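> Whatever this is, show me its structure:
(chains A, B, C, D and E, ligands or ions: 4)
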Amino acid sequence: MRKQAWVYLLLLVALLPTLLPIYWVATISLKSVVDQFAVPPLWFRFAATAEHYRDIFFARPFGRYLWNSMVVAAVATLLALALGTAAAYALARLPMKRNWNRHLSLWILSTRMVPPIVTILPLFLLVRDVGLLNTRLALIVVYVGFMLPFVIWMMRGFFEEVPPELEEAALMDGSSRLRALRDIVLPLVAPGLAATAIFCLIIAWNEFLFALILTQTDAVMTLPVGIAGRVTQYEIKWGAMSAAGVVAMLPVFLFALAVQRYLVRGLSLGAVKG
Amino acid sequence: MEIRFEHVTKKYGEVVAVADLSLAVQAGELLVLLGPTGCGKTTILRMLAGLEAVTSGEIYLGERAITHLSPRARDFAMVFQSYALYPHMSVAENLAYPLRVRHWRQDQIAATVKQVAARLELTSLLARRPRELSGGERQRVALGRAIIRNPNAFLLDEPLSNIDAKLRLQMRMELKHLQHSLGVTMLYVTHDQAEALTLAHRVAVLQKGVLQQLGEPMAIYHHPANLFVAGFVGSPPMNLVEGSVDFSAAAFTARDLRVPLPEALLTAARQAPRVTLGVRPEHVRLSRQGEPGWLAGRVYVCEATGNETLVSFRAGEHRLSARVPGTQSYDFEEAVWFTFDPAHLHLFDAATGQALP
Amino acid sequence: MEIRFEHVTKKYGEVVAVADLSLAVQAGELLVLLGPTGCGKTTILRMLAGLEAVTSGEIYLGERAITHLSPRARDFAMVFQSYALYPHMSVAENLAYPLRVRHWRQDQIAATVKQVAARLELTSLLARRPRELSGGERQRVALGRAIIRNPNAFLLDEPLSNIDAKLRLQMRMELKHLQHSLGVTMLYVTHDQAEALTLAHRVAVLQKGVLQQLGEPMAIYHHPANLFVAGFVGSPPMNLVEGSVDFSAAAFTARDLRVPLPEALLTAARQAPRVTLGVRPEHVRLSRQGEPGWLAGRVYVCEATGNETLVSFRAGEHRLSARVPGTQSYDFEEAVWFTFDPAHLHLFDAATGQALP
Amino acid sequence: GTCQPSPPAAELTIAVNAGVEGDALKAAAADYERRFGVRTQIVELPYANLFEKQLVDLLNRTGAYDVLMLDDPWMPRYAATGEMTPLEPLFAQKAPTGPDDDFLAPCLAVCRDPYGNGNLYALPYVGNSQLFFYRQDLFEKYGLAAPKTWADVGRAARAIRRGERNVYGYVMRAAQGNAVVADFMPLLWAFGGDILDAQGNPALDSPEAIAALEFMLELGRLSPPGYASFNADEVAAHLLQGTAAMSINWPAWIPAVDDPSKSRVVGKIGFSAIPGQQRAGVAAIGNWLLAIPRGSRHVERAFDFILWATSPEQMRISAERGNPPTRRSLFQDPGLRAKYRSYPVQLHSLETSRPRPRTPLWNEMENVLGVYLSKANAGELGAEDALRQAQAQIAQILKRNP
Amino acid sequence: MAAREESVRGELGRADRRLALLMLAPAVLVLMTLSIYPLFYSLRLSLTTPTGAWTADHFHRILSDRLFGTALLQTFLYTAGALVLELTLGLLLALLLNRALAGRNLFRTLLLLPMLMPPVVAAVIWRLLYNPSFGLINGTLQSLGADTSGLLWIAGQQTALASVILVDVWQWTPFMFLLLLAGLQSLPTEPYEAAQMDGASRWQVFRDITWPLLRPTVLVAVLLRLLDLLRVFDQIFILTEGGPGFATETASLYIYRNAFRFVNFHYGAALSFVLLAITTVVSLWLIRLLRGRTPAAEKS
Ligand SMILES: Nc1ncnc2c1ncn2[C@@H]1O[C@H](COP(=O)(O)OP(=O)(O)OP(=O)(O)O)[C@@H](O)[C@H]1O
Ligand SMILES: Nc1ncnc2c1ncn2[C@@H]1O[C@H](COP(=O)(O)OP(=O)(O)OP(=O)(O)O)[C@@H](O)[C@H]1O
Ligand SMILES: [Mg+2]
Ligand SMILES: [Mg+2]
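Ligands and ions are numbered 1, 2, ... in the order given. A predicted model of the protein is given here:
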């Protein structure tokens, strides 16, 4: 037991710097402007105010942003998981001639190497020409593009960890391959799916640049852009900013909590073995 | 229904896993594919199942060519070496799955599962998950999943090799009884010759993808068609010594070994310049005092299993083994005398490996 | 050096894996721990190795208590059931590792590896990786990694259970020979009674973490201390029938079974109201025509292994087995007659399970 | 519904700079909507990205925005796209006289391209021009007069630094980019230098310019540590927390200094025109303008709106919210003067203010200049080297785009 | 009709080939449109003048663009620094949490939090924390009696880059940690016990067993991070805008500036192709490493 003591000690040491900024954001979101910069810093004793939250939700359309972010992140994640899983399965289980599986997965990964800066302008034009400018759909599609390589790589790993016999057994028991996929394989990689989903959500939830360029009106803007809006020419609206930050973190955090059992177990299914 | 392989070949790139196999499994027969690892047993089974594409040749079920059908369409049941139970389903669900995919009615399924579970003494385990089962129990579930529907045939890939010695013996018996009472066609893969001999109606011995001998167990045991079969079947395997026949002395001779041969073998031996003499351990007589004509040896290891004792000993450069009653026992390096039972000698053409005659 | 367990107990939460074990392994002895799965064999080995903490009791190496030392301080070598080869190292590196961590000089290491590899016929495989080896080869590497240094003792956990029947037989012999020629102390775990009997100087039979009998193989086979040992050792196991002794008729009686008992057993039986009669399959005589006093049975399964045939048959409610010469063979459900060899009957107190006397 | 295109676009979509100006226009728009029943939608964009965003939309004629709120230095670049609607023709129908002369000349000048006499592309909405903030209380405490020259500033700063434990003499925006350049310009001008000379050639290696930068660095030594990364918010923070005595600032902060909920120095801060040196002090103008992209589908409406938004009545409301007006009348309006003691000074500084160089290449130049000014302030380069290198780079830029 | 030749290993039957196509097509199409098309578009941009004439001038100009050179260099410093730190810390944490431990899940989840904070917020908050005068960091240090006069963090020419790296480390170490922890948990246990029996010390076990077996995981994690690091944008954009004095300017930032601030998409495109080339080279090299012997994948 004494051996564990130092482990906990180290963990606390690690946790402090990790959580402190977050705690600070939380407090600032509750502090009135004067207190925000007080020296020495006010750790606990300050008059809490909800003004900033009121500001972002009533004076500004953060409710709208939040909703947009949720829709975009959720739909994009679902789509990416659907398409990515299918592709990953094919890559893992359907060996094509001349090593195509390997080439394909390499290419897929390579699409992640393209700096967004390269693609953002052409995509803007593309989106404009198909008349999707300033729609959530545009963001969703783009994000799906971001997530796919990630999803495919992860899921491919998971699928390869599932013993082929299980699928073969299902085939022998008389199910079609797709049915076997649904009944046998997917349930087995569910934790992996959950883990992958988290990462996808984070990607979509925090993306800034494309959200900025591809959206034009509040109707479809997402949280990060809205938050960035609180950095004005003259001042940073620390309170609103932090409040927004807190609001932005909550949903993802809750989801992470919900699936955290799967998180590590899922990943350790072996996806990360590359 | 009868299953027929006609000139079936399977290549993996360069590797020839199965070479021009022609083989017929009669309806209701329990045929065992026997061979060392890598000889192609599993491949044959998987090609029949439809899990592996055939490179050339045809497979027939009755009169129907099934070479290109999907596993579903062929309707065989398979028991995998690793059992391949669905980890996320309970025993009951595992058993029910083949029926579920066939869209049976819930109540029918329930009834059938109950009945099969009872037959395999799984009733008390129905709610458990595979990982909560012992090896033997898993094995029974896998079996149950196969027999719950009546498929055209059962394909079993080393179903017993993952459970412990004791259980294996018992399950082996149960399996044999089950097959008999169901009267189903069964294709059974194993590398354990004891299993093959005890279970099979007929055994097909394979090596490097080539069929070596097909016949009833005792035929295979007592009349091995070639050196490979002789060396592979039986435990400990048949003693094999290469040498030549000295017709003047009517005896087989090899370095520091001299064995008189009966007339039949002498005539047979005429065809071959170099021959290999074979004799099973139970036909080697061993004792502490030699009698005239007996040969000298030195004990390497002596293993007593209780009802019998296996003695492995050196005779000059040769390593031989003998099976003696459980009452006897020898020390390491002890000097012994031995002779072969002339009635049970085998001769093989050393060049071709074929049995003589 | 001698290894001594003194009142060693191991609990996992509620589960008692090993209960108050006291046991001494003499220097140079090959002692086998035999028992069904879950009986605590591995736990005992791991406690001795230092991989598992002892709940209570002490372990001694010679005079020195090692109960709380780290594995490396105890300096035992272990061969794991799964071999536990280092997947990322070549065979040579695997063999060299124990020496490397002891900071041997490169050239010494190289030399020693070469020599051990030669002894185990691994020379040609030195450059390979574990996954490129067959079961038997892996097994030899694991062994080599153990014998490359001379530790205080070798601990082997079912080293043969993962390799196929044929190879197992051969490796078993090699192991026995190796242990003899090295003269090292060896603690060997297996659930395969045949392995135990053939290998061991002495066998320790365990059940549910409790030591049942400790003795030489033949003692265990011919004089099992209790019902468990009787039922566990031997393959097929001893036939056991519960019933009582009719002293007036000087016979053992059970439902539809009646066996005259020799004088010695009768006196022994006086102590116990209910008894269990035990007889090994090889001491069951079986034939198609009954003689006076023989009993009737019906064949369940008949298995011919070539040199002998195992017949499992029903006698009323009892299931019995007999070992008969390989020349005989029976059909399913065939009617047979049988009797027991009076010279080899065993009696056990049905209540305590202890042998009588 | 999850992701169909956004609900039917408002009739007027207005892209504004997130902040006080945006808020003001937002209010105005709401009012406009109420009066004329025209649905309006305000899109707030972070200042850091406002330019890119509007420009991309201009270049591609997405027609997403009907009204743009832009910072005046951007005007030449916007005009260069040829995607801006000239306002004169529209005036021709509505108010033949064109923009009334209540608008301050400098403010209208930046709405034209070329500067001063070119086409009118916008109307000035917010009349920002730099202002000098200083701590009256401390000045009195140390018997200092409001600084007339930068030399005075230096002296005062040293005095205060000496006297006060935790008040720095000066504070400025020296963060790379727009900030440091904006704070440098008044110095540059005061010391008699400029970025481009009369012929439009770079003149940053002039002795005047170097002297100006030297002095900026000297002020830096009197500023709080880390000023080299300061942006408006840090500067303001120092002022409002009372830890710095002087600085140049945009008027946007004026309301805050007397607001107890934001400031610890209520009533203690004085405002004056930018100090001079070789030349009279000149502030940089930083107006927020309202313009109409060609892409707009409601040009008429949009024009009506910006006329309305820049009308005296509306601009007063905006002024009430703290945005400096662009109309003389409002600067002289008693009510507002009562509210903002700084108005006289502001009016003066605005009237005398100068624009930053009027060229489409301004962003690129500003960036380069910013980099080297920042290098100097961060102590990596001396004043001379910094300016020489900036000079060279700007020369290249000009060469690349003849 | 019945599907033909469904096989899970070995080569494919017709039905399976069709299925493979069906399952791959959507993803591949999306990726095509989202990466290939823009790629060629930018390629054309980078080789044409605003008037549409073909030219290599942009690439010529890059050769003499010293600022871009600096930006690239700093991008690498940033990437390398962040990677090393994140890997080390992530590994330590993973090792720390890779054991039976009360409240382990709680710790794990808490350690994930930074990853969830939008980079925009993170950047701004750190800007506040770093502020030499009001900043929490110096503030705390001072109250602990330390002299922080020299500590300018993002304002110091020397400390700026390190400071932005620190922010990245703060935000993304959790990612490494998570992947590595997963990797650790998927390692076989036998080799460890074997090593103990062979007499290896704790350090030897780590050096000879854990690290080699974990290598593939490490490479994957590093690869994923690398790709993001090489194109880092929003954090720095908000934290320092590349300042002070260009000290934290990265390639992406510089490209963004040229393309969107200076409205020179052609040059921007050219620049980004240089970045792309470098990224590709680096990651291909990494992937080769990764493809090279991957012990954990070996079933022994
Ligand atoms: N998917 C494959 N790709 C390449 N070669 C293969 C493949 N499957 C099997 N082989 C080769 O085909 C031959 C036969 O393999 P198979 O599995 O049928 O042997 P087996 O008799 O089942 O062996 P075991 O008793 O170990 O199961 C072997 O040489 C093997 O290496
Ligand atoms: N880590 C553990 N936690 C809880 N129970 C355990 C653990 N390890 C072993 N046990 C229990 O201790 C008992 C003995 O286990 P052990 O592995 O020693 O049996 P064994 O004789 O080695 O079986 P096998 O022949 O299958 O290896 C079993 O009941 C097992 O369930
Ligand atoms: Mg096989
Ligand atoms: Mg065990």
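> Give me the contact status of the lowest-mean-pLDDT helix or strand in chain E with chain D.
The weakest-scoring helix or strand in chain E, judged by mean pLDDT, DSSP states H and E, is helix E:136-143 (a mean of 82). No. Applying CB under 8 Å from any CB of the partner chain, one finds helix E:136-143 separated from chain D by no less than 8.7 Å. Any C-beta I mention is one placed from the backbone N, CA and C, and that applies to glycine too.
> Now that helix - C-alpha only, PDB.
Extracted in PDB, the C-alpha atoms of helix E:136-143 (Å, rounded to 0.1, in the frame of the first residue of the first chain):
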ATOM      1  CA  LEU E 136      -1.600  33.400 -12.700                       C
ATOM      2  CA  ILE E 137       1.800  31.800 -13.300                       C
ATOM      3  CA  ASN E 138       4.000  34.700 -12.400                       C
ATOM      4  CA  GLY E 139       1.400  35.800  -9.800                       C
ATOM      5  CA  THR E 140       1.700  32.400  -8.100                       C
ATOM      6  CA  LEU E 141       5.500  32.400  -8.400                       C
ATOM      7  CA  GLN E 142       5.700  35.800  -6.900                       C
ATOM      8  CA  SER E 143       3.500  34.900  -4.000                       C
END
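> for that helix, packing partners?
helix E:119-130 (3 or more CB pairs under 8 Å, 6 or more residues apart in numbering or on different chains; DSSP states H and E).
> Tell me which residue in the stretch 101-250 of chain B sits closest to chain E.
residue B:101 (13.7 Å; CB to the nearest CB).
> that older thread, counting neighbours, which bits of the least confident helix or strand of chain E end up buried?
For helix E:136-143, a neighbour-count test (16 or more other CB atoms under 10 Å in any protein chain shown) marks E:136-140, E:142 as buried.
> Name the next helix or strand downstream of it, please.
helix E:159-185 (DSSP states H and E).
> wait, does the following helix or strand past that following helix make contact with chain C?
Sequence order places helix E:190-197 as the next helix or strand after helix E:159-185, per DSSP H and E. Yes. Using CB under 8 Å from any CB, we find that helix E:190-197 touches chain C at E:190-191, E:193-197.
> what is the mean pLDDT for the strand or helix carrying residue B:323?
When elements are defined using DSSP H and E, residue B:323 is found to belong to strand B:318-325. Averaging pLDDT along strand B:318-325 yields 93.
> burial measure for the residue of the stretch 101-250 of chain B closest to chain E, as a count.
Residues contacting residue B:101 under the criterion other CB atoms under 10 Å in any protein chain shown number 18.
> can you pull the contacts of it?
A:170, A:173-175, A:179, A:183 (CB atoms under 8 Å, 6 or more residues apart in numbering or on different chains).
> between these, which has the most around it?
residue A:173 leads those on contacts (other CB under 10 Å) with 29 neighbours.
> Please tell me how far the residue nearest to that residue when sequence neighbours are not counted sits from residue B:132.
Spatial nearest neighbour of residue A:173, excluding adjacent residues (CB to CB, 6 or more residues apart in numbering or on different chains): residue B:98 at 4.1 Å. Per CB to CB, to the nearest Å, residue B:98 is found 22 Å from residue B:132.
> follow-up on the earlier one: reformat the residues of helix E:190-197 next to chain C into a markdown table and put pLDDT, distance to residue A:255 and neighbour count next to each item.
Putting the residues of helix E:190-197 next to chain C into a markdown table (pLDDT from 0 to 100; distance: CB to CB, whole Å; neighbours: other CB atoms under 10 Å in any protein chain shown) gives the following:
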| residue | pLDDT | distance to residue A:255 | neighbour count |
| --- | --- | --- | --- |
| E:190 | 86 | 36 | 17 |
| E:191 | 90 | 36 | 26 |
| E:193 | 90 | 38 | 20 |
| E:194 | 91 | 40 | 27 |
| E:195 | 91 | 39 | 24 |
| E:196 | 89 | 40 | 21 |
| E:197 | 89 | 44 | 26 |
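> Turn those residues into TSV, columns for distance to residue C:27.
TSV is the format used below for the residues of helix E:190-197 next to chain C (distance: CB to CB, whole Å):
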residue	distance to residue C:27
E:190	28
E:191	30
E:193	25
E:194	25
E:195	27
E:196	24
E:197	20
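> for the residues you listed, which one is nearest ligand 1?
residue E:190 (21.8 Å; CB to the nearest ligand atom).
> Looking at residue B:98 and residue B:132, which one has more neighbours?
residue B:98 (24 against 12).
> give me every residue that touches that one.
By CB under 8 Å, 6+ apart, the contact set of residue B:98 is A:173-174, B:77, B:145, B:148-149.
> could you dump those residues to TSV with secondary structure and pLDDT?
Formatted as TSV, the contacts of residue B:98 follow (DSSP: H, G, I helix; E, B strand; the rest coil; pLDDT from 0 to 100):
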residue	secondary structure	pLDDT
A:173	coil	90
A:174	coil	89
B:77	strand	94
B:145	helix	93
B:148	coil	92
B:149	coil	89
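> hang on, isn't residue B:158 packed against residue B:189?
Yes. Counting by CB atoms under 8 Å, residue B:158 does reach residue B:189; the two are 5.7 Å apart.
> could you pull out the helices for the stretch 1-150 of chain E?
Assigned by DSSP state H, counting those that start in this stretch, the stretch 1-150 of chain E shows helices spanning E:14-31, E:37-46, E:57-63, E:66-97, E:104-116, E:119-130, E:136-143.
> Apart from its neighbours in sequence, what residue is nearest the residue nearest the centre of chain D?
With distances taken as CA atoms, centre = their mean, residue D:286 lies nearest the centre of chain D, 2.6 Å away. Using CB to CB, 6+ apart and skipping residues adjacent in sequence, the residue nearest residue D:286 is residue D:128, 4.1 Å away.
> What helix or strand is residue D:125 located in?
strand D:122-126.
> Switch the helices of the stretch 1-150 of chain E over to JSON lines; also include distance to residue A:195.
Below are those laid out as JSON lines (distance: least, CB to CB, whole Å):
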{"stretch": "helix E:14-31", "distance to residue A:195": "19"}
{"stretch": "helix E:37-46", "distance to residue A:195": "29"}
{"stretch": "helix E:57-63", "distance to residue A:195": "41"}
{"stretch": "helix E:66-97", "distance to residue A:195": "15"}
{"stretch": "helix E:104-116", "distance to residue A:195": "12"}
{"stretch": "helix E:119-130", "distance to residue A:195": "21"}
{"stretch": "helix E:136-143", "distance to residue A:195": "33"}
